[in-house]
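# Below: sequence and its predicted model.
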Amino acid sequence: MDAFRETGAYLKGHFQLTSGLHSSEYLQCALVLQHPQIAERLGRELAAHVPACDVVASPALGGLIIGHEVARALGCRFIFTERDANRKMSLRRGFDLRRGETAVVIEDVVTTGGSTREVIEVLQAAGARVLAAGSIIDRSGGRADLGVPRVALATLEAAAWEPGECPLCKQGIPVEKPGSRPAEPK
Ligand code: ZN
């Protein structure tokens, strides 16, 4: 969290998260991970808490840098999933898994665990054995259930609300969408 505060990556305001929930706090991981030395250190720390595996996999874009650093620390290969034209998470670019290969899924931030869960399903469908999932930050307060053992370098109890129940919306405060997904057309 110190690394997040020092790099200005820990934002306060009114945000729409990638999960669609609203929150008064946002972690802009890209601002931490723009520093390769910090990314490498976080990757090493995360790698120390997950089992050895054949491959680390992450969802693009958010998981790319930290997943790559974890794979570097574990000495294994790194692949990523991305959404196809139908918004379905998939392995593209010729990435392949052999049946029975072991995998660990790495994300930057877990909020509901939705995208991590999608990556786990893609890997399992390809025949891999998913041993664990890890993230730099868990902002579900430890509640996100992914069906595999899970680790995070920091757990945050950050309030998040459905848009209809958001107290900041009720106060009329404009909402920001700081995530990586392209803005929806107006
Ligand atoms: Zn709101």
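The structure has been received and is ready for your questions. Remember, predicted model here, so these are calculated numbers, not experimental data.

# Quick one: mean pLDDT for stretch 60-75?
In this model, stretch 60-75 has a mean pLDDT of 97.

# Show me what that stretch is in contact with.
18, 29, 33, 39-40, 42-44, 46-48, 50, 52-53, 55-58, 77-78, 80-82, 104, 106-109, 115, 134, 136, 180 (Cβ atoms under 8 Å, 6 or more residues apart in numbering). Just so you know, the C-beta spots here come from the backbone N, C-alpha and C atoms, and that holds for glycine as well.

# Point out the ones among those residues that are inside helices.
Taking DSSP state H, the ones among the contacts of stretch 60-75 that sit in helices are 29, 33, 39, 40, 42, 43, 44, 46, 47, 115.

# Filter these down to the buried ones and hand me the ChimeraX line.
In ChimeraX, the members of these classed as buried (16 or more other Cβ atoms under 10 Å) are selected with the following command:
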select :29,33,39,40,42,43,46,47,115
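
# Against the ion, which of the ones in helices among the contacts of stretch 60-75 make the cut? List them.
Here nothing survives when those are matched to the ion using Cβ under 5 Å from the ion.

# Make JSON lines out of the ones in helices among the contacts of stretch 60-75 and add distance to residue 70 and pLDDT.
Putting the ones in helices among the contacts of stretch 60-75 into JSON lines (distance: Cβ to Cβ, whole Å; pLDDT from 0 to 100) gives the following:
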{"residue": "29", "distance to residue 70": "14", "pLDDT": "92"}
{"residue": "33", "distance to residue 70": "12", "pLDDT": "97"}
{"residue": "39", "distance to residue 70": "10", "pLDDT": "97"}
{"residue": "40", "distance to residue 70": "10", "pLDDT": "98"}
{"residue": "42", "distance to residue 70": "9", "pLDDT": "97"}
{"residue": "43", "distance to residue 70": "5", "pLDDT": "98"}
{"residue": "44", "distance to residue 70": "8", "pLDDT": "98"}
{"residue": "46", "distance to residue 70": "5", "pLDDT": "98"}
{"residue": "47", "distance to residue 70": "5", "pLDDT": "98"}
{"residue": "115", "distance to residue 70": "16", "pLDDT": "90"}
